[in-house]
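Participant: Please work out how this folds:
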Amino acid sequence: MKKKENVRMRPLWRVAHVFGDPSAPAQIVRSKRQSATRLHQHEFTEMVFILGGKGMHLVNESCRELEAGDCFVIDTGGMHAYQHTHALELINVLIRHDVMERLRRVTGKLDGYVSLVASPPAAGRDWVKPRPLTPHELSDCLRVIEEI
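Facilitator: Got it, this is the predicted structure:
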């Protein structure tokens with residue numbers, strides 16, 4: 001008999017296992033074909049840039065379709081999964097929690113940050129999806145990521 005899955009049983013992706021160097025402030029991972037994942041959480045913040053393909057993104061019981069130019073943040077401890085992926089290409093910028101806390105002091109004051117990056121909904125609320133990045137904006141973001 002299968003046990004009913006609960007939050008404590010869901011995988012926790014740890015800095016020590018995901019980052020090549022656990023002392024690094026961030027890790028950048030490019031997935032040319034992101035496959036479906038189980039619902040999971042991280043001990044780090046994940047910023048995602050969707051480059052192409054299709055898929056569904058499940059966060060806090062809310063699901064939405066992904067398209068090229070989408071950009072969103074999954075905060076430390078946020079639960080999410082990718083489903084029904086088809087040639088889904090993305091870049092993950094993984095940022096250690098302590099580093100992200102320092103960055104929030106700066107990004108929280110930037111007018112464009114909140115409108116550019118979707119944060120997952122709180123429990124019981126739906127996604128408020130900002131417009132996707134234009135090809136030019138996405139290209140600018142990728143150039144900065146490559147410099148990092």
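Participant: Could you list the low-confidence segments of the protein?
Facilitator: 1-10, 108-130 (pLDDT under 70).
Participant: At which residues are the strands of it located?
Facilitator: With DSSP state E as the criterion, the chain has strands at 12-13, 26-31, 41-42, 44-59, 62-66, 71-74, 80-96.
Participant: Looking only at residue counts, what's the top helix in this protein?
Facilitator: As assigned by DSSP state H, the longest helix anywhere in the chain is helix 135-147.
Participant: If you count neighbours, what's buried in it?
Facilitator: 138, 141 (16 or more other CB atoms under 10 Å). Just so you know, the C-beta spots here come from the backbone N, C-alpha and C atoms, and that holds for glycine as well.
Participant: what's that helix packed up against?
Facilitator: For helix 135-147, the contact count by 3 or more CB pairs under 8 Å, 6 or more residues apart in numbering; DSSP states H and E identifies strand 44-59, strand 80-96 as packing neighbours.
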